[in-house]
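1. Okay, predicted coordinates and the sequence, questions at the end:
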Amino acid sequence: MEIPPKSPDGSEKSPQSKELITSNTGSTLCMSSRSESVWTSAPRSKWDIYHKPIIVVSVGAAIFLFGMVITSLSCFLPSKKHIYKMCGPAFLSLGLMLLVCGLVWIPIIRKKQKQRQKSQFLQSLKSFFFNR
């Protein structure tokens, strides 16, 4: 029979078994899981749901208005006209893009909220009938 080698510190456990005992990857994995929000069904306010698209729409509208001002400056100020004509449409297009993205995002969130409510309703019906 072969005797397992002793570890350098004199304990009888091998270094691999110590590593396995002190390893806490399971608890770390559970703590870092992103699925916790799925299991907690706390009611969320409208601001929590819609704050990102509202911010995108607001920033897009501000950039669009800034682009309108810069573009109109090219008509009124003859000095540096070519700079205003280049920067104005760039800000206009960027602002319009953000504005449209935010406005499209809102109905998508509404649709997801309705689907989530339907899913929760169907799950409660299913559990009511099949858990008897």
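-> Ah, there it is.
2. Going by C-alpha atoms from here, please, whenever you check contacts or count neighbours.
-> Fine.
3. I'd like to know which elements the helix or strand hosting Ser119 is packed against.
-> Using DSSP states H and E, the element containing Ser119 is helix 81-130. If you count contacts as 3 or more Cα pairs under 8 Å, 6 or more residues apart in numbering; DSSP states H and E, helix 81-130 packs onto helix 46-76.
4. Please spell out the segments of the protein that come in under the pLDDT threshold.
-> The model of the chain has pLDDT under 70 over residues 1-42, 132.
5. Run the angle between the helix holding Ser119 and helix 46-76 for me.
-> Per axes from the mean of the first three to the mean of the last three Cα atoms, to 10 degrees, the angle that helix 81-130 makes with helix 46-76 is 160 degrees.
6. is it true that Thr71 touches Lys85?
-> Yes. Contact criterion Cα atoms under 8 Å: Thr71 and Lys85 qualify, at 6.1 Å.
7. Which one of those two is surrounded by more residues?
-> Thr71 (22 against 16; other Cα atoms under 10 Å).
8. Just give me the neighbour total for the residue nearest to the more buried one when sequence neighbours are not counted.
-> In this structure, Thr71 finds its nearest non-sequential neighbour in Gly88, 4.4 Å apart by Cα to Cα, 6 or more residues apart in numbering. Residues lying near Gly88 (other Cα under 10 Å) number 22.
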